[in-house]
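[1] Got a predicted model here, sequence first, then my questions.
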Amino acid sequence: MSLRFPYTRYQRKVPVWTLDGRAERPRAMVSVSVIGPGATHVRQGLLDTGADDTVFPEDVAALIGIDLANAPTTEATGMSGSPLQVRCALVHLRVTDGNEFREWPARVVFAPLPFSRSLLGYAGFLQFFDTEFQGANETAVLTVNASYPGK
């Protein structure tokens, strides 16, 4: 079985020229539960095939009971190309489309910047699913693949 997520439509104040004047921008968003030793926190995440890692803001680590003081670090770069030190941790992630749910252990990174949407990238998320982006009906379909380590 597969999880199906309709795109979230974000209203724009001005028409989007690249979408032929449409007044909204569709995005492949998924509500994801980030589970740590102390709590669970639910966030919106963008399915991002251009993101190498799954990225959450550092404040989420504190909310779920993860101390990043001695966590492994690595360097990440975004679209600007500027390097940023991020901290790594093992969490559990859970998603549901209301019909089916999946939960698995995931290696993710926490960035020291505030941002409203987490990035659900390859490592920790997309690596475990065969993902189909259906542009015509604005739906993302996640199908568990052989590397999925969860239940």
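    Thanks, I have it.

[2] CA atoms for contacts and neighbours, from now on please.
    OK.

[3] Not counting the longest strand along the chain itself, show me its contacts.
    The longest strand of the chain (DSSP state E) is strand 83-96. Contacts with strand 83-96, where a contact means C-alpha atoms under 8 Å, 6 or more residues apart in numbering, come from 3, 30-36, 68, 71-77, 101-112.

[4] how about the residue nearest to A39 when sequence neighbours are not counted, what does it touch?
    Excluding the flanking residues, the one nearest A39 by C-alpha to C-alpha, 6 or more residues apart in numbering is I64, at 4.4 Å. By C-alpha under 8 Å, 6+ apart, the residues touching I64 are 34-41.

[5] where exactly do the helices run in this structure?
    Listed in chain order, the helices of the chain (DSSP state H) span 58-63.

[6] distance of the residue nearest to F115 when sequence neighbours are not counted from L113?
    Of all residues not flanking F115 in the chain, P57 sits nearest, at 6.6 Å (C-alpha to C-alpha, 6+ apart). Distance, P57 to L113, by C-alpha to C-alpha, to the nearest Å: 6 Å.

[7] of the two, who's got more company?
    P57 (20 against 12; other C-alpha atoms under 10 Å).

[8] just to revisit the earlier point, I would like a ChimeraX command selecting only the buried ones among the contacts of strand 83-96, please.
    Only the buried entries of these go into this ChimeraX selection, using 16 or more other C-alpha atoms under 10 Å:
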select :3,30,31,32,33,34,35,36,68,76,103,104,105,106,107,108,109,110,111
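
[9] Distance check, the residue nearest to F115 against S118.
    From P57 over to S118 (counting by C-alpha to C-alpha), the distance is 7 Å.

[10] any idea which residue sits dead centre in this protein?
    Central residue of the chain (C-alpha atoms, centre = their mean): L120, 2.3 Å from the mean position.

[11] Local confidence estimate at that residue?
    At L120, the model reports a pLDDT of 98.

[12] Pull up the gap between it and L3, please.
    15 Å.
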